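coordinates only, sequence not included:
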């Protein structure tokens, strides 16, 4: 579902891989196992390719089946045709925010980031064309989107992609601590070391605070008391002490949290000191270790299982 409208995405297929081939071009998608000869809009840059050596699939374009709106023309003939309301205008508007969610979850699971080498963040773009064919409306969608890979990084799995589609359909946001970690990772990559340390420390604080809140809720502590307790705890060191006093385990020592996160962050925020690569390189992995241990990102399998269970119970 995209913006409440059912959309069937039909991915291109991979042909039989010739012996010794390294890169295979993807072939036109088939709808329910059959070709779609009626559609006259093949993608300009091909459907994508399959990297045999690294087992990576790159999809540049796909087909879709979805309801189309009627063409609505302006009341005066003097208005150019580009101002008409076209059948796929709703999809062109709805796709970018929907795919933003897909990107966020894919990047969170794989460790990829959404910024290019120059620091510019990528934005989803769709170039869609369609034909009405009987009662169904197949078409092609060229999706232009870039996710940066800096160094050896894993590609998204089919399970992660399906789960990301579910998260996008339900507008599930990645946890705040994970989003802050991604910002810290990007800042480190582009040499913004001061910002990296600030975001990394804040990610750890948010994660520990969420875990403490959840534990207090489990112990039936009222909402206002939970908020007051975590607010009075202050920064990441105090929150860590509070977590340990409640019996929660942390993967690193309080001294490491103080020396590698809280201290540098205080220098960056309160003193305005510039920080070097060594300091940021020490802070980021420690923050990631804390977040992953205290409030980890749900795996794709759990999201798929949860929605499978819900759908089955509704069907029954």
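That came through fine. Not measured: the values here are computed from a predicted model.

low pLDDT regions in this structure?
36-42, 68-87, 114-154, 308-316 (pLDDT under 70).

can you pull out the helices in it?
89-110, 158-169, 176-189, 193-218, 223-233, 236-245, 254-257, 263-266, 277-294, 300-315 (DSSP state H).

relative to helix 277-294, how tilted is the longest one?
Read that as helix 193-218. When axes from the mean of the first three to the mean of the last three CA atoms, to 10 degrees is applied, the directions of helix 193-218 and helix 277-294 differ by 20 degrees.

Same list (the helices of the chain) but as TSV, adding mean neighbour count and distance to residue 31.
No exception for glycine: its C-beta is placed from N, CA and C like everyone else's. Listed next are these as TSV, based on neighbours: other CB atoms under 10 Å; distance: least, CB to CB, whole Å:
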stretch	mean neighbour count	distance to residue 31
helix 89-110	19	17
helix 158-169	19	18
helix 176-189	22	36
helix 193-218	22	43
helix 223-233	13	51
helix 236-245	18	53
helix 254-257	16	54
helix 263-266	20	53
helix 277-294	19	41
helix 300-315	12	23
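
of all those helices, which lies closest to residue 12?
Proximity to residue 12, assessed across the helices of the chain by CB to CB, is greatest for helix 158-169 (14.0 Å).

Give me the helices and strands touching the closest one, please.
helix 89-110, helix 300-315 (3 or more CB pairs under 8 Å, 6 or more residues apart in numbering; DSSP states H and E).

could those helices be laid out in JSON lines, adding distance to residue 291?
Below are these laid out as JSON lines (distance: least, CB to CB, whole Å):
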{"stretch": "helix 89-110", "distance to residue 291": "11"}
{"stretch": "helix 300-315", "distance to residue 291": "17"}
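
To residue 163, which of the ones you listed lies closest?
helix 300-315 (3.6 Å).

Report the contact partners of the residue minimising distance to the centre of the chain.
Closest to where the C-alpha atoms of the chain average out (CA atoms, centre = their mean) is residue 104, at 1.5 Å. Going by CB atoms under 8 Å, 6 or more residues apart in numbering, residue 104 touches 114, 173-174, 179, 182.

okay, among those, which ones form the most distant pair?
Once CB to CB is applied, the contacts of residue 104 give 114 and 173 as the farthest pair, at 14.5 Å.

Residue 51: how many residues sit nearby?
By other CB atoms under 10 Å, the residues close to residue 51 number 13.

Hmm, I typed the wrong one, I wanted residue 15.
11.

need the contact list for it.
Residue 15 makes contacts with 24-27, as judged by CB under 8 Å, 6+ apart.

again, but for residue 202
Residues in contact with residue 202 (CB under 8 Å, 6+ apart) are 180, 265.

Report the separation between it and residue 268.
From residue 202 across to residue 268, the span is 11 Å (CB to CB, to the nearest Å).

what about residue 242, distance to residue 195?
27 Å.

picking up where we left off before, can you say which of the helices of the chain is nearest to residue 61?
helix 89-110 (13.2 Å).

what angle separates that closest one from helix 176-189?
80 degrees.

If you count surrounding residues, which of residue 114 and residue 173 has more?
residue 114 (19 against 12).

which ones are touching the residue nearest to residue 254 when sequence neighbours are not counted?
Excluding the flanking residues, the one nearest residue 254 by CB to CB, 6 or more residues apart in numbering is residue 240, at 5.7 Å. For residue 240, the contact set (CB under 8 Å, 6+ apart) comprises 208, 250, 254, 257.
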